[in-house]
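A.B. asks: No sequence on hand, only this structure:
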Ligand SMILES: [Mg+2]
Ligand SMILES: [Zn+2]
């Protein structure tokens, strides 16, 4: 699906920066924790003191290789760190240590599912290791900026896609999949507000059928999925307006302003765009042998696409349900646990799997959302939820009652059976009790009874409702039907 | 080969060096001579020769264990700083 | 006691002929007295030196002393020293007090050595005459009108004048060997990666190497053993055990094959210096060595190669000096650009700016392949030349510098002339091999240095070869008349 805007085609490539969840920085032993007091996590190396030298964090390398394997990429047997030279106050050395000609990961891919259910593969040109910069703070200082270098030296992988996306929607789908993947791999916490996962978008437009790409603008500072879509759409329209107005799109860096919903030129970053890359002489080539790759491969978890495919195959879920339930590794595991607890050793029936999917993606997701919790913080674990679903399956309670039980379970740490017993929610299957309720309803509604008996069959529903109400909804519906028919007939 | 004034000024800008008017011709002269000197490399036959980035070939980068070894010492480190406020290094306003 | 070598001082301190404190006081007095004549020091650390001396005396008394305990030294002001100004010879760092010790400093402190102070140097180690220092030129003890060589000119002058028996130094393109040659002292640049670069302010990272300037090869062998070694804080430090350099000093030289670098004798070499070198080689023949001529055809390209690689790396290494976190900051910057440009423009001297600009140019868009990549390929050719030569001979020998010391100011207006002083020394840095310079005679009353170069990690061999020469000759024991007296006036 390509967005068509008066015959204009959009071309998008994304550069994603994911902070790696290491304990220490990529080239120093400073902590990487978010939110620490200014400059309390910046040591001599991070501050670029004279004479200090970088030493590479092995965990950052391991995480990058993990990512590479997960996107089916080539892991470079030899990769090289290079210096990207430019002056900026948040860049203490006057260069960023990054990778240029020989990145650690190259030629990967990621499949996305489009709105119409079709699939599309987005090429990943490369993923390289580099260090993050510090932060410039402007608030509260009239003519100055304050520099906090706590973030300087935090490890990043920069994931560079091919210009394979043709709409903002595709870009968001791709971004979300990468976001899910890095969290599955436990290499990045994915927190976009804190900036641990952020992206720049290279956007251009061209007439449909044109072979050459249009001139692209790089949009920086996009820190939510919603903004990605908005920023790209704004930029596409801006570029089309420029061209249709007889102008030319210039290659530049633009900043997305979420308050104004627009992008604007960042000339300050533009003027010295000669980065003078060269291999960093303080670091040696990183060599990775097949044994090391094999070791990491063995530790890879089931990846989101694999898990979703298994859910479709083994549990008979729809692709949609499977995608929802695999949006995080923990959610997928939770769902797996519910199904297993429910079905025991046997393969679950289609109904059981569907029931579990509805509850996990429905009531449970809603409750988590309401309390701002992750699945790992759920007050009802998989076993307890499976217990509840088991009572629906064995007719102890109805689906409707189950909702109330669920709420009670959320509020207090009791099993569903305890709650059902304590609150007397078990379905009434005792014939005498149901008959007694029917008799009372009939006695209270002589008019309706007469009407029914004179041929108004439709009133049967009225009586069902009244008896249910009288029994607190607990009467077994099948028994109720049978007995009511008999009694009403007289 | 000789470098002109504009080239000197743009190199100085890229390197963030202010030059006085008197310095520009001096660097124009000496950098031109240096460029001539390094121009001698053109004559070398280097086809098929692997560039040498490091004097001890065959060594690979060592990997450090991922442990936090540093504690907060910003007060000590900021004693050398020209201007600090609330533990932040101050610079003239950064305009993005 | 100023004329004693480090090895002799070690014996005498243990024989209680004098105490470490007495020795330290005497040398501190010489340092002070020599300053107006030599300007060899930027900072004198008298107080901490005396504290270290006192601790050393106690260790000696308690029998807890190591082989280097109580021996005095000076550090080139390129090595970071905790709590002490570390200027690198620059206005940029005139106000900089390092919060940490370089690995080299840490190791020698731990060995119990006594630091007299920090020696003067060319600004950021860029120079061959010590004229680029923000603290003024160092003068050659043999003649104060002459340069001591550079960039470790302060260390070389201090040792030559016997105000310090040994000093640390660094060598990126000859900065240990050339001043050692011009001052008539012994200098060693170890194999790249042998001595940690952590805390040694970087000039050109792939070429820089810390070493020593001393009276004798034996002294350097003693101290290098404690100074060298693997350092986890330097990714380019090599994890190879440090041999006992002193143990191999006295091996006989019979059968030693010495290669004479043909290209070094071909052009630019002063005729008298050549004669002096050839006489020194004669001594080696008498000691049982054989001389063969070897060709290193790419070596004449070492100067242009160096003046691409070194400036390129320095332009990036010195980007951190931006007036933000430490060092010089210009007055009242009007904006960020002004802060950068004036802090750097005013804080760096002319030669540093020249090299930063050269490096910026050769790395900039469109020039990288023609200059930087080309230079790296030629560097490989030079490296191959050395490798081939060391397949044929044990060590290479030749002059350290094309001439003896020149007058202050003689070459400072022509950078190319200045750069050519390092024509014989740069090759070893490009190939990363160890090299020494030892005093081998005098020409026009000025010292001449013989350069000895070996394969990677052959420091023990170099010390052995140099020590054999120093047992046969006394050039290294000569000292300038002005500094002969114990108490300088
Ligand atoms: Mg990028
Ligand atoms: Zn990046």
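C.D. replies: The structure has been received and is ready for your questions. Treat the numbers as computed from the prediction; the structure is a model and nothing was measured. Ligands and ions are numbered 1, 2, ... in the order given.

A.B. asks: Show me where the chain dips below the pLDDT cut-off.
C.D. replies: Since you didn't name a chain, this refers to chain A. Residues of chain A that meet the criterion pLDDT under 70 lie in A:1-5, A:267-272.

A.B. asks: Can you tell me, leaving aside adjacent residues, what's nearest to the residue of it at minimum distance from chain C?
C.D. replies: Of all residues in chain A, the one sitting closest to chain C is residue A:94 (2.4 Å; C-beta to the nearest C-beta). Where C-beta positions appear, they are placed from N, C-alpha and C, glycine not excepted. Spatial nearest neighbour of residue A:94, chain neighbours left out: residue C:319 (2.4 Å); criterion: C-beta to C-beta, 6 or more residues apart in numbering or on different chains.

A.B. asks: Any figure for the gap between the residue of chain A closest to chain C and residue A:134?
C.D. replies: Residue A:94 sits at a distance of 13 Å from residue A:134 (criterion: C-beta to C-beta, to the nearest Å).

A.B. asks: cool, and residue C:257?
C.D. replies: Using C-beta to C-beta, one gets 56 Å for the distance from residue C:257 to residue A:134.

A.B. asks: contacting residues for the most centrally placed residue in chain B?
C.D. replies: Nearest to the geometric centre of chain B sits residue B:15, at 7.1 Å (C-alpha atoms, centre = their mean). Residues in contact with residue B:15, defined by C-beta atoms under 8 Å, 6 or more residues apart in numbering or on different chains, are C:315, C:344, C:353, C:356-357, C:360.

A.B. asks: For residue A:112, pull up the helix or strand it's in.
C.D. replies: Assigned by DSSP states H and E, residue A:112 belongs to strand A:105-113.

A.B. asks: Summarise which helices and strands that strand is packed against.
C.D. replies: helix A:58-70, strand A:74-75, strand A:119-131, helix A:168-184 (3 or more C-beta pairs under 8 Å, 6 or more residues apart in numbering or on different chains; DSSP states H and E).

A.B. asks: Show me what it pairs with in its sheet, parallel or antiparallel.
C.D. replies: strand A:74-75 (antiparallel), strand A:119-131 (antiparallel) (DSSP bridges).

A.B. asks: Mind putting the ones you listed into a markdown table with mean neighbour count and distance to residue A:384?
C.D. replies: Below are those laid out as a markdown table (neighbours: other C-beta atoms under 10 Å in any protein chain shown; distance: least, C-beta to C-beta, whole Å):
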| stretch | mean neighbour count | distance to residue A:384 |
| --- | --- | --- |
| strand A:74-75 | 17 | 43 |
| strand A:119-131 | 20 | 36 |
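
A.B. asks: Any chance of JSON lines for those strands, columns distance to residue A:103?
C.D. replies: Shown next, in JSON lines, are those (distance: least, C-beta to C-beta, whole Å):
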{"stretch": "strand A:74-75", "distance to residue A:103": "10"}
{"stretch": "strand A:119-131", "distance to residue A:103": "4"}
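
A.B. asks: Compare the ones you listed and report which one is nearest to residue A:32.
C.D. replies: For residue A:32, the closest of the strands paired with strand A:105-113 is strand A:119-131, at 11.0 Å, according to C-beta to C-beta.

A.B. asks: The lengthiest strand in chain B packs against which elements?
C.D. replies: In chain B, assigned by DSSP state E, the strand with the most residues is strand B:88-92. Packed against strand B:88-92 by the contact rule (3+ C-beta pairs under 8 Å, 6+ apart) you find strand A:144-148, helix C:336-347.

A.B. asks: Looking at residue C:257 and residue A:134, which one has more neighbours?
C.D. replies: residue A:134 (24 against 13; other C-beta atoms under 10 Å in any protein chain shown).

A.B. asks: Can you list phi and psi of the more buried one for me?
C.D. replies: Phi and psi for residue A:134, reported as degrees, to the nearest 10, are phi -80, psi -160.

A.B. asks: Report the contact partners of it.
C.D. replies: Neighbour list for residue A:134: A:42, A:89-92, A:147-152 [criterion: C-beta under 8 Å, 6+ apart].

A.B. asks: low-confidence ranges in the stretch 101-250 of chain C?
C.D. replies: Ranges of the stretch 101-250 of chain C meeting pLDDT under 70: none found.

A.B. asks: in it, which spans are strands?
C.D. replies: Along the stretch 101-250 of chain C, the segments classed as strands by DSSP state E, counting those that start in this stretch run C:114-119, C:166-171, C:186-189, C:209-214.

A.B. asks: is it true that residue C:179 touches residue C:211?
C.D. replies: No. At 11.6 Å, residue C:179 does not count as touching residue C:211 under the criterion of C-beta atoms under 8 Å.

A.B. asks: so what sits against both of these two?
C.D. replies: Residues touching both residue C:179 and residue C:211 by C-beta under 8 Å, 6+ apart: C:169, C:187.

A.B. asks: how about low-confidence regions in chain B?
C.D. replies: Scanning chain B for pLDDT under 70 picks out the ranges B:96.

A.B. asks: mind checking which of the strands of the stretch 101-250 of chain C is nearest chain B?
C.D. replies: Closest among these, using C-beta to the nearest C-beta: strand C:209-214, at 9.1 Å.

A.B. asks: show me where the stretch 351-490 of chain A has helices.
C.D. replies: When assigned using DSSP state H, counting those that start in this stretch, the helices of the stretch 351-490 of chain A occupy the ranges A:365-370, A:382-393, A:399-411, A:416-422, A:431-444, A:446-453, A:460-470, A:477-489.

A.B. asks: Starting from the helix ranked longest in chain A, tell me the next helix or strand along the chain.
C.D. replies: In terms of residue count, the longest helix belonging to chain A (DSSP state H) is helix A:225-244. Using DSSP H and E, the helix or strand that follows helix A:225-244 towards the C-terminus is strand A:252-257.

A.B. asks: Can you give me the buried ones in that next one?
C.D. replies: In terms of neighbour count (16 or more other C-beta atoms under 10 Å in any protein chain shown), strand A:252-257 has its buried residues at A:253-256.

A.B. asks: if you count what's nearby, which of residue C:179 and residue C:211 comes out ahead?
C.D. replies: residue C:179 (39 against 33).

A.B. asks: Now do the contacts for that one.
C.D. replies: Listed by C-beta under 8 Å, 6+ apart, the contact set of residue C:179 reads C:130, C:148-153, C:155-157, C:169, C:187, C:213.

A.B. asks: Any idea what the closest residue to residue A:107 other than its chain neighbours is bridged to?
C.D. replies: By the measure of C-beta to C-beta, 6+ apart, the closest residue to residue A:107 outside its immediate chain neighbours is residue A:74, 5.0 Å from it. Counting by DSSP bridges, residue A:74 is bridged to residue A:106.

A.B. asks: gap between the residue of chain C found nearest chain B and residue C:309?
C.D. replies: Using C-beta to the nearest C-beta, the closest approach of chain C to chain B is made by residue C:432 at 2.6 Å. Remark: distance between residue C:432 and residue C:309 (C-beta to C-beta) = 12 Å.

A.B. asks: The two: who's more crowded?
C.D. replies: The residue with more neighbours, out of residue C:432 and residue C:309, is residue C:309; 31 against 26, by other C-beta under 10 Å.
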